[in-house]
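Engineer: quick one, what's the 3D model for this:
(one chain, ligands or ions: 2)
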Amino acid sequence: METHPKGSQARILLSSVFGPYAQDDKFGSRSINPMELYHNQVTRAQGSFSLRMFHRSWGIMMIQENISAPCSVLDFPTRKAFARELTRNHYDIVGISSIIVNVGKVREMCRMVRELSPDSAIVVGGHVAAVPGIETMIDADHIVRGEGISWMRRYLGEDEHAPIKHPAIVSGLRTRIMGVRIPQWKGGTAATIIPSVGCPMGCNFCTTSAFFGGKGKFVNFYETGDELFDVMCGIESKLKVNSFFVMDENFLLHRTRAMQLLKRMKQAGKSWELSVFASANAIRKYTMLELVELGISWVWMGLESPRSSYAKLHGENVQQLTRELRQHGIRVQGSTIVGLEHHTPDNMAEEIESAVNYQTDFHQFMLYTPVPGTPLYQEMADQGRLLTDIDPADIHGQFKFNFVHSAISREDSKRFLDWAFWRDFEKNGPSLYRMCQTMLQGWQRYKDYPDPRVRERFAREAQKLNYAYNAALWAMEKEFKKVNRSVSGRIHKLRREVEKEFPVLARLTAASLGPILLWAARREDRRLAKGRTYEPPTFVERRNWVSAS
Ligand code: B12
Ligand code: SF4
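Structural biologist: Ligands and ions are numbered 1, 2, ... in the order given. Below you'll find the predicted structure:
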């Protein structure tokens, strides 16, 4: 592969695509597709109770940390800020990171680089690289498919096999719920850890699996539990955290690594909590006690459909698993697909109803979507079922089908999807309430557990329950009285249980903070009705930086 003539002396800009994101515009922004994990695809029908927060672009942060060239990361720029950065500094290389929906923005950014910084080499990476014919759609010098750290190291003539250094990443920012922006303090938000990219399970629709090699393949940044433990200790002391968002598509699948991590956590008395992604078959490799001792406090699990044939779900009673996890204080985020091959207008409602009946704390619904690079995309292309006139900005699984389904129309795909979100909210109430339910169950079960690390973790959660969360329960109970008495009644029951556990403080906070939260939530609902949306702030971070003379 060709290396850059300046090698590690080259000055590099790594940028995510420009905003705004949550507004319709000609570059491919869509109001339905905000830069927010929960509000985009999980709690979007929950009004002011929707959990809102932003996540940084971790791919370019990882690349920056692992090269020795002077490098700026520009995250969530406006178009103007991107142009300013290009003209105020001279860059030899401009790297742009994007997913497929944002291909229109990448095209515009390449055009801007050619105009404002014509000597720069343009490198485009991230999932957008999987778009067939991307070379002819954008004006870039290099389009990088798959893992980017090793590619960039090779391009600069550096050692691609050097150990991976992990940047200290605060996982979420500007968290907002019930109209209140949660204050951010050091250690108050989990740190993101990225042990690997890709997933060997290779489900046919899965773009992350396909992008990093597909079935049987993935790229490990940290092979062993010991390595992972050391990285986590480093980040714990830098960010003062005891909570980690583990960004690994199937963390629990690698049991040896996880159990080694547990061993080290026990030896060092670490009372950490881990939020993980894991498939049902991987979760079942552990006993509930192993999961609890490992600090698993939140699991994102693909439920897909009660009748699906994915290997990861074979033989699993997912309903029972979900219930069990919650009984052990582990919050469950389920993920269900709308529009699988066996779905029809006749069975769709029933399938959604079954998904809702799992009663997970959070529930993501996504349309079955053939995305370039995946086996499903190939299959649909071979069968001539891809709709070819759809703007890529509208192919994100939250709008309408991008293929011809055998039984469900494109218009109905959106109706079913919207109904799924609505039904989950109607039947199960706000995710915030469900989370409190799980946390209380965990506290009641483990408050006297022999391992002090575990007790400490549940005590930390209980502290939130008897303070702000109980006030939130009070406000939710009042708000739902008018619209859904059954949900209001359930919230009332839970609040009473919390107050039985913590008679003084929980009551006090409900009485004092509850009415304020209720007022803030109602104000937020009015703002949302008027079309208020939220955008992430812009970040500029420089490393190995010396100003150009
Ligand atoms: C965090 C995240 C987000 C964050 C935002 C992140 C951000 N700042 O952009 C939030 C939650 C807001 C989000 C939103 C969305 N997301 Co998202 N998201 C993720 C998630 C979970 C993690 C991304 C990550 O950091 N991975 C770890 C890093 C290390 O990997 P990476 O980003 O791929 O980077 C590596 C390589 O790709 C490459 N690389 C990346 N950039 C560059 C740049 C250069 C120059 C080079 C050389 C290499 C390179 O090198 C990196 C290291 O190996 C992924 C799933 C996943 N597991 O990756 C989905 C994922 C990226 N999101 C996806 C989608 C579809 C969306 C949404 C449309 C929502 C939706 N309906 O699903 C919206 C879009 C919002 C918008 N308006 O743009 C898809 C992308 C599909 C595709 N093929 O394009 C993914 C893959 C999830 C999935 N499996 O469907 N997302
Ligand atoms: S188990 Fe999840 S992450 Fe792995 S391939 Fe299947 S959908 Fe993708």
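Engineer: can you name the residues of the stretch 151-300 of the chain that neighbour ligand 1?
Structural biologist: Taking CB under 6 Å from any ligand atom as the measure of proximity, the stretch 151-300 of the chain contacts ligand 1 at 151-152, 194, 197, 207-208, 247, 249. C-betas here are computed from N, CA, C, even on glycine.
Engineer: hmm, 8 Å instead?
Structural biologist: For the stretch 151-300 of the chain, the residues in contact with ligand 1 (CB under 8 Å from any ligand atom) are 151-152, 155, 192, 194, 197, 206-208, 211-212, 219, 247-249, 277.
Engineer: now a ChimeraX select for only the buried ones of those.
Structural biologist: For selection in ChimeraX, the members of these meeting the burial criterion (16 or more other CB atoms under 10 Å) are listed in this command:
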select :151,152,155,192,194,197,206,207,208,211,212,247,248,249,277
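Engineer: which one of the residues of the stretch 151-300 of the chain next to ligand 1 is nearest residue 343?
Structural biologist: Using CB to CB, residue 206 is the member of these that lies nearest residue 343, at 18.3 Å.
Engineer: the closest one touches residue 198, doesn't it?
Structural biologist: No - in terms of CB atoms under 8 Å, residue 206 does not count as a neighbour of residue 198; the distance is 9.5 Å.
Engineer: leaving out the residues flanking it, which one is nearest to residue 202?
Structural biologist: If you skip the residues right next to it in sequence, residue 202 has residue 215 as its closest partner in space, 2.8 Å away by CB to CB, 6 or more residues apart in numbering.
Engineer: any idea how far that neighbour lies from residue 199?
Structural biologist: In this view, residue 215 and residue 199 are 9 Å apart by CB to CB, to the nearest Å.
Engineer: swap in residue 358?
Structural biologist: Separation of residue 358 from residue 199 (CB to CB): 22 Å.
Engineer: the more surrounded of the two?
Structural biologist: residue 199 (26 against 22; other CB atoms under 10 Å).
Engineer: tell me which element the more buried one is part of?
Structural biologist: Taking DSSP states H and E as the criterion, residue 199 maps to no regular element, lying outside all helices and strands.
Engineer: which of the residues of the stretch 151-300 of the chain next to ligand 1 fall in strands?
Structural biologist: 192, 197, 219, 277 (DSSP state E).
Engineer: ok, the last one - contacts?
Structural biologist: Counting by CB atoms under 8 Å, 6 or more residues apart in numbering, residue 277 touches 246-251, 299-301.
Engineer: farthest-separated two in those residues?
Structural biologist: The two members of these with the most space between them (CB to CB) are 247 and 301, at 15.3 Å.
Engineer: quick one: residue 256 and ligand 2, what's the gap?
Structural biologist: Using CB to the nearest ligand atom, to the nearest Å, one gets 18 Å for the distance from residue 256 to ligand 2.
Engineer: so that residue sits right up against residue 225, yeah?
Structural biologist: Yes - here residue 256 reaches residue 225: they are 7.4 Å apart, a contact under CB under 8 Å.
Engineer: for stretch 100-120, buried residues please.
Structural biologist: Buried residues in stretch 100-120, counting neighbours by 16+ other CB under 10 Å, are found at 100-110, 112-113, 117, 120.
Engineer: how about the residues of the stretch 101-250 of the chain near ligand 2?
Structural biologist: Among all residues of the stretch 101-250 of the chain, those adjacent to ligand 2 (criterion: CB under 8 Å from any ligand atom) are 199-203, 205-209, 249-250.
Engineer: er, the stretch 251-400 of the chain actually
Structural biologist: That would be 277, 279, 302, 304, 310, 312, which are the residues of the stretch 251-400 of the chain within reach of ligand 2 (CB under 8 Å from any ligand atom).
Engineer: out of these, which are inside strands?
Structural biologist: Among those, the ones falling in strands (DSSP E) are 277, 302, 304.
Engineer: bridged to the second one, which residues?
Structural biologist: Residue 302 has these beta-bridge partners by DSSP bridges: residue 335.
Engineer: then the first one?
Structural biologist: Beta bridges link residue 277 to residue 300 when assigned by DSSP bridges.
Engineer: in what helix or strand does the one residue in the stretch 351-500 of the chain that gets nearest to ligand 1 lie?
Structural biologist: Residue nearest to ligand 1 within the stretch 351-500 of the chain (CB to the nearest ligand atom): residue 396, separated by 3.5 Å. In the assignment (DSSP H and E), residue 396 maps to no helix and no strand.
Engineer: check contacts around the nearest residue to it once chain neighbours are set aside.
Structural biologist: For residue 396, the nearest residue in space outside its immediate sequence neighbours is residue 101; the separation is 4.9 Å by CB to CB, 6+ apart. Applying CB under 8 Å, 6+ apart to residue 101 gives the contacts 28, 30, 33, 392-396.
Engineer: just the buried subset of those, please.
Structural biologist: 28, 30, 33, 392-393, 395-396.
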